[in-house]
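Colleague: give the three-dimensional model of this entry:
(chains A and B)
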Amino acid sequence: EDQVTQSPEALRLQEGESSSLNCSYTVSGLRGLFWYRQDPGKGPEFLFTLYSAGEEKEKERLKATLTKKESFLHITAPKPEDSATYLCAVQGGTQGGSEKLVFGKGTKLTVNP
Amino acid sequence: GAVVSQHPSRVICKSGTSVKIECRSLDFQATTMFWYRQFPKQSLMLMATSNEGSKATYEQGVEKDKFLINHASLTLSTLTVTSAHPEDSSFYICSASRGGLVDTQYFGPGTRLTVL
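Modeller: Sure thing, here's the model as predicted:
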């Protein structure tokens, strides 16, 4: 069974204090790993898709990396508006061709000014 | 691009009534749409997957007769919660993808359902 574990559950940073969020996964035949941002009371907002180990993607202050066992979301010099819950999800090859995602529980990030 | 809308954003209803939630892909054709529910401080739980013109595939434990899903076109899917009860109160979120072996799901803004 595919599983995703995110850590830490919650993270408080001061504005400008860089850090990383972790997403560990076990999946049969990774087809894609996804990062989303979710604000309270809203649907998840797509950030990145990573397909294979060694791949990296960047968007503004965010950078996502992928290994065979985990993914990191690096946040450089965060701002208060980066406060949100960050969700990691995987799509595996055992889903019989469906696009079903398995989500982690998320990391709630709070950036204080 | 890749915008998904949901309507309504909030609904309050009495126990025993049925509620319909619409999910639309505004700027792309969605081969597949998904319905999730999310409890407070929990992650997303997939309820069902639907492909245009086909019957939805429900996850284990999700009642097909209670949560009716219709994917009538490549831009519209609906979720009807039949005979809603207070335990059905939750945050319902849809997503849509263009299809393909690996394709991104784009999520709607969610619908907050409260059953009195």
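Colleague: state the pLDDT value of residue 73.
Modeller: Chain wasn't specified; assuming chain A. With respect to pLDDT, A:Leu73 has a value of 98.
Colleague: that's the wrong chain, I meant chain B
Modeller: The predicted local distance difference test score for B:Ser73 is 90.
Colleague: check contacts around it.
Modeller: By Cβ atoms under 8 Å, 6 or more residues apart in numbering or on different chains, B:Ser73 lies in contact with B:Glu52. Quick note: C-beta positions are derived from backbone N, CA and C, even for glycine.
Colleague: mind listing the strands for chain A?
Modeller: In chain A, strands defined by DSSP state E lie at A:3-7, A:10-14, A:19-26, A:30-38, A:45-50, A:56-59, A:62-66, A:70-75, A:84-92, A:102-103, A:107-112, listed in chain order.
Colleague: tally up the residues packed near B:Cys94, please.
Modeller: 31 (other Cβ atoms under 10 Å in any protein chain shown).
Colleague: just the pLDDT at the residue nearest in space to the middle of chain B, thanks.
Modeller: Note on chain B: the residue nearest the mean C-alpha position is B:Trp35, at 3.4 Å, using Cα atoms, centre = their mean. For B:Trp35, the pLDDT comes out at 97.
Colleague: how would you label it: helix, strand or coil?
Modeller: strand (DSSP: H, G, I helix; E, B strand; the rest coil).
Colleague: likewise B:Glu87?
Modeller: Per three-state DSSP, the local secondary structure of B:Glu87 is helix.
Colleague: can you list the low-confidence ranges for chain B?
Modeller: The model of chain B has pLDDT under 70 over residues B:100-102.
Colleague: of all residues in it, which one is closest to chain A?
Modeller: Here chain B gets closest to chain A at one residue, B:Phe107, 3.8 Å apart by Cβ to the nearest Cβ.
Colleague: so who does that residue touch?
Modeller: With contact taken as Cβ under 8 Å, 6+ apart, B:Phe107 is in contact with A:36, A:43-46, B:4, B:93-95.
Colleague: for it, which non-adjacent residue is spatially closest?
Modeller: Here the nearest residue to B:Phe107 in space, its sequence neighbours aside, is A:Gly43; by Cβ to Cβ, 6 or more residues apart in numbering or on different chains that works out to 3.8 Å.
Colleague: how near is the one you found to B:Gln105?
Modeller: Going from A:Gly43 to B:Gln105 by Cβ to Cβ, to the nearest Å gives 10 Å.
Colleague: repeat that for B:Cys94.
Modeller: Distance from B:Cys94 to B:Gln105, counting by Cβ to Cβ: 10 Å.
Colleague: equivalent analysis for A:Lys79, please.
Modeller: On the measure of Cβ to Cβ, A:Lys79 and B:Gln105 end up 27 Å apart.
Colleague: higher neighbour count, the two?
Modeller: Neighbours were counted for A:Lys79 and for B:Gln105 using other Cβ under 10 Å; B:Gln105 has more, 26 against 13.
Colleague: work out for me the element the closest residue to the more buried one other than its chain neighbours sits within.
Modeller: Nearest residue to B:Gln105 in three dimensions, chain neighbours excluded: B:Ser95, at 4.0 Å (Cβ to Cβ, 6+ apart). When elements are defined using DSSP states H and E, B:Ser95 is found to belong to strand B:90-97.
Colleague: what angle separates that strand from strand A:30-38?
Modeller: In terms of direction (axes from the mean of the first three to the mean of the last three Cα atoms, to 10 degrees), strand B:90-97 departs from strand A:30-38 by 130 degrees.
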